[in-house]
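Enquirer: Below: sequence and its predicted model.
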Amino acid sequence: MQINRRFLSLCLAVVGLLSLATPVVAQSVNRAAIDELNTQLLYVALPLTLFVELTLVYAIYRFRNNDDPSPTVDDPGLEITWTAATAVILVFVGVSGFFVMTNPYLTPTAMADTGDPAANAATAGDELIVEVDAYQWGWSFHYPDANVTTRDRLVIPADRDVRFVMSSRDVIHSLYVPDLGIKQDVFPGTETVARTHATETGEYRLYCTELCGDGHARMHGAVVVLNETAYGDWQDRRSAA
Ligand code: CUA
């Protein structure tokens, strides 16, 4: 009875932890793709972990007092089964990971480049371009369409594609917005691109996630996601100022 009650509370604790780990609504298309992959892999990893651990516990218990151990016998059937099962799992992990990594929001270079700037622009639609300038130690965000520049505060509209065209003035930095699923290195002398499509308005944190000198820890800022109207108002105010 005692054991049953303990087992029950253990199960409840596991269920509680799992419900904590379950994400609420994803804040961007990137984040949704990453969360979905996480859940998929968890559904594969959880039963596997339980199977391995339970087998281990069973073996320890079952053979705990074996004074006369016999050698293991070949079992080709079993070996083929576990090799094939492992292969199936690895292919599943590889394929699902591949589809998320080639998602054009996570890997913008995976977008079809037609070689024709006009056609590329048409594919991009009404994507908002933000030029990101990283330096020791801060971020500058330039909005070419409104000729607006901000420092350490990135303001973007929700429900619209945004493209960050990034470069650095000095050393390697890296733009990291965990809530929006954005992470991309920024290099001096070359451009890198990150994209997103935020779905939830709100304020998030952005960090530099590449050690870039003694001010690295201070190289953070805010990301504000506004709805279309509020974003328009913000840009008008900034342009006027
Ligand atoms: Cu910039 Cu760390």
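Expert: Yes, it's here.

Enquirer: helix/strand/coil for residue 131?
Expert: Using DSSP: H, G, I helix; E, B strand; the rest coil, the structure places residue 131 in strand.

Enquirer: Residue 39 too?
Expert: Put simply, residue 39 is helix when judged by three-state DSSP.

Enquirer: What is the burial count for it?
Expert: Residues within reach of residue 39, counting by other Cβ atoms under 10 Å, total 12. Where you see a C-beta, it was placed from the backbone N, CA and C, and this is true even at glycine.

Enquirer: same deal with the one 10 residues further on?
Expert: The burial metric for residue 49, expressed as a neighbour count using other Cβ under 10 Å, is 11.

Enquirer: check which helix or strand covers it.
Expert: Residue 49 is located in helix 29-62, with elements delineated by DSSP states H and E.

Enquirer: Could you look up the next helix or strand downstream of that helix?
Expert: helix 76-101.

Enquirer: what's the nearest residue to residue 96 if we skip its chain neighbours?
Expert: For residue 96, ignoring the flanking residues on the chain, the nearest one in space by Cβ to Cβ, 6 or more residues apart in numbering is residue 40 at 5.5 Å.

Enquirer: Ranking helices and strands of the protein by mean pLDDT, which lands last?
Expert: Lowest on mean pLDDT, DSSP states H and E among the helices and strands of the chain sits helix 117-124, with a mean of 57.

Enquirer: which stretches of the protein aren't confidently modelled?
Expert: For the chain, the stretches flagged by pLDDT under 70 are 1-4, 7-8, 11-12, 14-24, 110-125.

Enquirer: again, only this time at 90
Expert: 1-26, 62-73, 104, 107-126, 145-147, 235-241 (pLDDT under 90).

Enquirer: How about the residues of it by the ligand?
Expert: 173, 208, 210, 211, 212, 216, 219 (Cβ under 6 Å from any ligand atom).

Enquirer: Next step: those residues restricted to strands.
Expert: If you go by DSSP state E, the residues of the chain next to the ligand have 173, 208 in strands.

Enquirer: What subset of the residues of the chain next to the ligand is buried?
Expert: 173, 208, 210, 212, 216, 219 (16 or more other Cβ atoms under 10 Å).

Enquirer: and the nearest residue to residue 37 once chain neighbours are set aside, how many neighbours?
Expert: Computed as Cβ to Cβ, 6+ apart, the closest residue to residue 37 that is not its neighbour in sequence is residue 100, at 4.6 Å. Using other Cβ under 10 Å, residue 100 has 18 neighbouring residues.
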